[in-house]
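Asks: requesting a structural model of the entry that follows:
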Amino acid sequence: MNPMTREDWARVLEELHPASFRWALTCCRGDREEARDVLQTVYLNVLAGRARFNGDAGARTWLFSVIRRTAMGRRRGGIVRGILLGRWARRQPDPPASPDPRAGLEAAERTARLRRAMTSISTRQRQVLELVFHHDMTIEQAAAVLGIGVGSARTHYERGKRALLARLTEEGL
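Replies: Below you'll find the model as predicted:
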């Protein structure tokens with residue numbers, strides 16, 4: 001297999017940027033500024049060849065792993081301070097305006113209930129569900145990104161779905 005050139009990586013990073021930013025937000029607990037900093041660090045490391053892709057996984061799976069490790073390293077280094085998931089929920093954009101104010105209010109209420117439900121499950125369960133449902137990864141790919149075994153990822157996936165369903169049922173969704 002031929003190694004990817006800097007130009008190849010630039011194209012891949014551009015193509016994957018929206019999904020990468022969303023994943024970085026998850027890894028940075030919703031702190032947009034921190035997510036931007038993490039992505040900038042990751043992109044520089046990839047383009048400079050300091051983060052090396054060995055081809056064992058897909059480019060997206062590998063990139064998400066690098067994003068996660070970079071975010072964890074920054075957090076351990078004291079860069080991230082006191083960011084709570086509740087802050088993340090408050091920073092999310094409001095749903096688009098609806099011609100019917102009641103419909104807009106109902107949509108905003110459903111979104112808030114979903115966010116509350118997501119905060120009620122464990123971080124690992126939330127991460128697995130995010131990767132599978134929002135980033136269209138398989139459980140195996142999610143396991144690789146998170147650095148956990150496939151069996152563990154399956155367990156977090158199933159428990160997370162059950163816990164989320166129970167919470168959403170309690171919330172009336």
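Asks: what about residue 151, how many residues close to it?
Replies: 10 (other CB atoms under 10 Å). C-beta: built from backbone N, CA, C; applies to glycine.
Asks: show me how the protein divides into domains.
Replies: The chain breaks down into these domains under automatic domain parsing: 6-76, 93-170.
Asks: could those domains go into CSV alongside mean pLDDT?
Replies: Formatted as CSV, those follow (pLDDT from 0 to 100):
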stretch, mean pLDDT
domain 6-76, 89
domain 93-170, 84
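Asks: center of the chain - which residue?
Replies: Nearest to the centroid of the C-alpha atoms of the chain, with distances taken as CA atoms, centre = their mean, sits residue 23, at 2.8 Å.
Asks: if I pick that residue, what's in contact with it?
Replies: Contacts for residue 23 (CB atoms under 8 Å, 6 or more residues apart in numbering) come out as 64, 67-68, 130-131, 135.
Asks: need those in CSV with secondary structure and neighbour count, can you?
Replies: Shown next, in CSV, are these (DSSP: H, G, I helix; E, B strand; the rest coil; neighbours: other CB atoms under 10 Å):
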residue, secondary structure, neighbour count
64, helix, 28
67, helix, 25
68, helix, 21
130, helix, 19
131, helix, 27
135, coil, 19
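Asks: all good on my end, thank you.
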